[in-house]
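Visitor: Predicted model and sequence below, questions to follow.
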Amino acid sequence: MFLTIVVLLPVLVAVVLLASPRLPGPVASWAWVGASAVDLTLIAWMWWRFDAGPAIDFDVKIRWIPTVDASYHVGVDGLSLPLLAMTGVLFLACAIWSLREQDRPRTYAALFLFLQTACLGTFAALDLILFFVFFDLTIVGMYFVIAGWGHGNARRSALKFFLYTFVGSLALLVGFIALFLGGERRTFDMVALAADPPLADSPLAGGLTLLAIGIGLAVKTPLFPFHTWLPDAHTDAPAAGSAILAGVLLKLGTYGFVRIAMPILPQAWQQWAMVIVIVGVISVVWGALVALAQTDVKRMIAYTSVNHMGYVLLGLGAAGLVADADGQARTVATVGALFQMVSHGLLTGALFLLTGVLWSRGRSYAFADWGGLARPAPVFAACLGVAAFGSLGLPGLSAFVAEFQIFTGALQGAPIATIVAVSGILVTAGLFLLALQRLLTGELQTPSALTAEPMRDMNGRELISVVPLLAMSLLLGLAPRWLLDVLEPAAVAVVELVSR
Amino acid sequence: MTEVLPADGVFGLSWLLVAVPAISAVVLLVGGRRTDRWGHLLGTAAPAFAFVLGVVLFVALLGRGEQERRVGQQLWTWFEVGGLRADFGLLLDPLSALFVLLITGVGSLIHVYSIGYMAHDARRRRFFGYLNLFIAAMLMLVLADNYLALFLGWEGVGLASYLLIGFWQHKNSAAVAAKKAFVVNRVGDMGMVLAIMLMFATFGSVTFEGVAAGIEDASGATQTALGLLLLLGACGKSAQVPLQSWLLDAMEGPTPVSALIHAATMVTAGVYLVVRSGFVYETTEVASTAVVLVGLVTLVVGAIIGCAKDDIKKVLAGSTMSQIGYMMLAAGLGPAGYAFAIFHLITHGFFKANLFLGAGSVMHSMHDDVDMRVYGGLSRLMPVTFVTFAMGYLAIIGFPGFAGFWSKDKVIEAAFADNIWIGIATILAAGVTAFYMTRLMLMTFLGDKRWKSDVHPHESPATMTIPLVVLAVASVLGGVLILGGWIGHFLEPSVGPEEHHDLPIPVLALTAIVTLTVAVGVFIAWRTYGTKEVPVTAPRGSVLTRAARADLYGDALNEAVLMRPGQWTTRWLVWFDNRGLDGGVNGLAALIGGTSGQVRRAQTGYVRSYALAMLGGALLVVVSLLAVTLA
């Protein structure tokens, strides 16, 4: 039941918040921080107790819809634990970030707590229907965050986000039903399906099912060419919303590939591995080049997510190239992809929170409005610099470890694709350094809205929410073993499942 | 190569070489304003400590037998996944020990110099933090026992270089130059990353030992690819053609940075990489020839650029490219050249740091003006700077007896023994070096004063002149390293025994030819700049002069070949992303909206129209049933 408490605790607090309309705003905000902190502590305890190995821990299975064998089945293994932990960390960071929220703070806190439960639930789910329900609830939660607390063209962007990802999730549902119908034993249980893969003797049906699931997850991830909802949603979302959207929600897509597509459709995954690799590489190059040309810092960071998620797909696709690469290389690629999910959550979460500093000071993300900020805001400059260099893959920070493993693992099976993807590190370096140059150096320039007052550097609240993310990225970059030790057995298990 | 022994006794302290400057950097950068008062002192003490420790370790190394001079220390495992393993391991051997002494020795002097040079900068403490970060990363680079840890240092020095080139962040040109340096280096990094990945894929190891053990049995294609990829990395860091264009712009950084990073240490990392990877290049004729060619082209290009610049720092930067070209060439010659490459690298570290710091001293008294055309006649006003600069000058042109004479001569000898035409090119470039350096001397220190009346040149403070004196002494005496062939012998455990070469003509005759060529270069410069008035505005110049002023169109080439097509591609992609993909999605949404609007009209509410629709539907079902049954 422990895991269930972890998953449901935030939403319970949310209910309490909603049920007490007289609650002052600051109390609600602190309640959010408290709930997230307690939840993170519980996750940390789970990590402490977790026995690194391929087995599923903390699992609970309660019958739910017996006629289709859907159940409330949750559990934790090396795939989900790091993502649960990252979710807990990011939500706590966002809670601290939002302590001074003036606009309906009680509802805002309740909404994020609801979103946290939905995200944790998706990572913990071991049943396709349960996964789908949580997966869709995240869309609902994020829709309200963007529509209610966004800026600019918030309603339009929120609606676009909702419709696009919701249609994607319908494709996902079609795929899940196909898995249900295709199996020997009619069930939605992921563990049972992985043990006895459905549609094994029908390459066409398997391929179509993978296509449906793949499109559903590709929209969420997002991968080329399904990524265009992302920049709009990010630009108009509040900083904390963007951090969660990029840091956690995108991972639901990539996590779905590792958790569902790879173990349950191994033949199809092998058969279409090269296509997956190519989609990944196109996302890498496309995301980087389009990001390079953006004139708005938040849109730019949004496009780099397409680039970074492309690396994940490259690694996962390479894990399916059974004929061309040995098991060790495929394991390295898979571990790299999993590591990249955590690393991207920390770094991009930090980057989006940092863009929130710009918005709160000057109501603008446009490069043209800002300049020379290093002088009045050195701490902001330092944080942005660390996050940017981390994101462009400087050794010593987490993204390098992830990308290096992905490349090394993928080189054997897909050499040309890997070499093309390596060029991504050149373009991302260019775009991040260009952003740093535009924002931080040269003559001091701030949007006209701000000229009355001097640019303020980051305050304590902002620092406490951003710095731990960067510190964790640094720790993972220099001593990543504590995470790798958890990831590796799970990755080995996935690779074995795929190579059946 | 000899066996690596575990670090015992004093060698157990090797990790402090990296750790102490790193911790100092963290204290200075995170500590904030609280450390302003004593930051520069801590910042100077850290490399000084590393130097003292380096000397102790060096002496301890000398005290050991030749077969025991490679000492390894394992710190911790960086990552280990499915056979992919990388350690933070240190390797102290003759090669890295020499680098440690150069980096910490010259580094400490430049820290001392910076106390005075940056005294009036409000952000001096931060400057020292960045310098310490550089020292730590550079020591990591040369002390790593595997390519991945080396790459950590490699990127670390790149980061420090980026931060320091752009140190004066209010200057847009500095910010652009910093970005350019990092991005151009990234091209080289791609080569490095691919090389390291290829090592993992082929040998299952990235340690120097592991790769050296397996390289003989690898396929020819792998050997060549590894050599060329590593060379690409080396070209980036060492500003060799075709990745040379960033170095001249990098002169935007404060002058101590130019001296330490962009002359004495970081830019020589490419040479270190090639020498360290000698076992790769010895197996592949193609890659080692490529190294020689890169070195040859760069040493000529750098010398030509140096002749045409009026900016004192850019002359020295062109010269740095050219001198590193000599080292690269020697390193490409294999066992015949390794020791000479390193020898020239060390003497160059002395005299080029000396020259840059001298130039900084001049700029310091000239209101940071870098244009040599408004200098002139400074020798009387800045005697210490002039005399120490002159020592560096004599060393770089190869005046007999000075450090550069010995080391450059050795490189030319080795080149001559390899190929007579390469040898001739190196001799001619030595003459060109003499020309541009003499030009610089004459325009800066001699002749009539050409500066404006509001400039009052004066000698620099002691914190700046003492390092100059020390480096000047090293520029004079650096040649002692070759006495009795010491350096070649000392480096043997790291790079293997020196190969002796046969020259077509006696060594003394070759030395005489080189010295004569140098004298001709000096004479031409003296005729042009010493006997005539130097115009304050630069004359138009010949086609070659104008080309050299434009860095031989390196930037124009990059722009035409890479940047323009890149911009077009991104613009097209952005257009397609907005109009094609997103437009398609929005169009689909509009289409659905429009269609549902049309369909809505069918919901008229009249029973008769519904009945008609039902009849039509029923007919359709009947017809299709019939069609299926009859078919």
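Guide: Looks like it came in fine. Numbering: from 1, shown residues only, chains lettered A, B, ... in the order given.
Visitor: Whichever residue of the stretch 401-500 of chain A sits closest to chain B: what's it in contact with?
Guide: The nearest approach of the stretch 401-500 of chain A to chain B comes at A:T441, 3.6 Å away (Cβ to the nearest Cβ). No exception for glycine: its C-beta is placed from N, CA and C like everyone else's. Each residue near A:T441 by Cβ atoms under 8 Å, 6 or more residues apart in numbering or on different chains is listed here: A:371-372, A:374, B:166, B:169-172, B:174-175.
Visitor: Any of these buried? List them.
Guide: A:371-372, A:374, B:166, B:169, B:172, B:174-175 (16 or more other Cβ atoms under 10 Å in any protein chain shown).
Visitor: near chain B, anything from the longest helix along chain A?
Guide: Using DSSP state H to define each element, chain A has its longest helix at helix A:327-362. Yes: Helix A:327-362 comes into contact with chain B (Cβ under 8 Å from any Cβ of the partner chain), by way of A:327-329, A:331-332, A:335.
Visitor: and the angle for the following helix or strand past that helix with helix A:327-362?
Guide: For helix A:327-362, the following helix or strand on the C-terminal side (DSSP states H and E) is helix A:378-391. Here the directions of helix A:378-391 and helix A:327-362 differ by 160 degrees (axes from the mean of the first three to the mean of the last three Cα atoms, to 10 degrees).
Visitor: For helix A:378-391, name the packing helices and strands.
Guide: If you count contacts as 3 or more Cβ pairs under 8 Å, 6 or more residues apart in numbering or on different chains; DSSP states H and E, helix A:378-391 packs onto helix A:327-362, helix A:398-413, helix A:415-440, helix A:460-478.
Visitor: Can you list the neighbours in contact with that helix?
Guide: Defining contact as Cβ under 8 Å, 6+ apart, one finds that helix A:378-391 is touched by A:304, A:308, A:343, A:347-348, A:350-351, A:354, A:357, A:373-374, A:397-399, A:428, A:432-433, A:435-436, A:439-440, A:457-458, A:463, A:466-467, A:470, A:473-474, A:477, B:29, B:159.
Visitor: go on, stretch B:481-501?
Guide: Stretch B:481-501 is contacted from outside by B:1-2, B:66-67, B:69-70, B:93-96, B:98, B:275-276, B:278, B:334-336, B:338-340, B:342-343, B:346-347, B:406-407, B:410, B:413-414, B:417-418, using Cβ under 8 Å, 6+ apart.
Visitor: buried subset of the residues you listed?
Guide: B:1, B:69-70, B:93-96, B:98, B:275-276, B:278, B:334-336, B:338-340, B:342-343, B:346-347, B:406-407, B:410, B:413-414, B:417-418.
Visitor: Where do the strands of chain A begin and end?
Guide: Using DSSP state E, the strands found in chain A span residues A:57-65, A:70-76.
Visitor: Rebuild the helices and strands packed on helix A:378-391 as JSON lines, extending it with distance to A:D485, mean pLDDT and mean neighbour count.
Guide: Supplementary listing: the helices and strands packed on helix A:378-391 in JSON lines, determined by distance: least, Cβ to Cβ, whole Å; pLDDT from 0 to 100; neighbours: other Cβ atoms under 10 Å in any protein chain shown:
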{"stretch": "helix A:327-362", "distance to A:D485": "11", "mean pLDDT": "93", "mean neighbour count": "27"}
{"stretch": "helix A:398-413", "distance to A:D485": "13", "mean pLDDT": "93", "mean neighbour count": "28"}
{"stretch": "helix A:415-440", "distance to A:D485": "26", "mean pLDDT": "92", "mean neighbour count": "22"}
{"stretch": "helix A:460-478", "distance to A:D485": "12", "mean pLDDT": "95", "mean neighbour count": "19"}
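Visitor: To A:D127, which of these lies closest?
Guide: When these are compared by Cβ to Cβ, helix A:327-362 sits nearest A:D127, at 21.5 Å.
Visitor: If you compare the directions of that closest one and helix A:415-440, what angle comes out?
Guide: 20 degrees.
Visitor: sorry, back to before: which one of the buried ones among the contacts of A:T441 is nearest to B:G447?
Guide: The closest of the buried ones among the contacts of A:T441 to B:G447 turns out to be B:A174 (Cβ to Cβ; 30.9 Å).
Visitor: nearest residue to the closest one other than its sequence neighbours?
Guide: B:E252 (4.2 Å; Cβ to Cβ, 6 or more residues apart in numbering or on different chains).
Visitor: Could you do B:L471 as well?
Guide: In space, and not counting its chain neighbours, B:L471 is closest to B:N354: 3.8 Å by Cβ to Cβ, 6+ apart.
Visitor: A:Q340 too?
Guide: Using Cβ to Cβ, 6+ apart and skipping residues adjacent in sequence, the residue nearest A:Q340 is A:A402, 3.7 Å away.
Visitor: Now for A:I177, how many residues are close by?
Guide: By other Cβ atoms under 10 Å in any protein chain shown, 16 other residues sit near A:I177.
Visitor: how much space is there between it and chain B?
Guide: Distance, A:I177 to chain B, by Cβ to the nearest Cβ, to the nearest Å: 23 Å.
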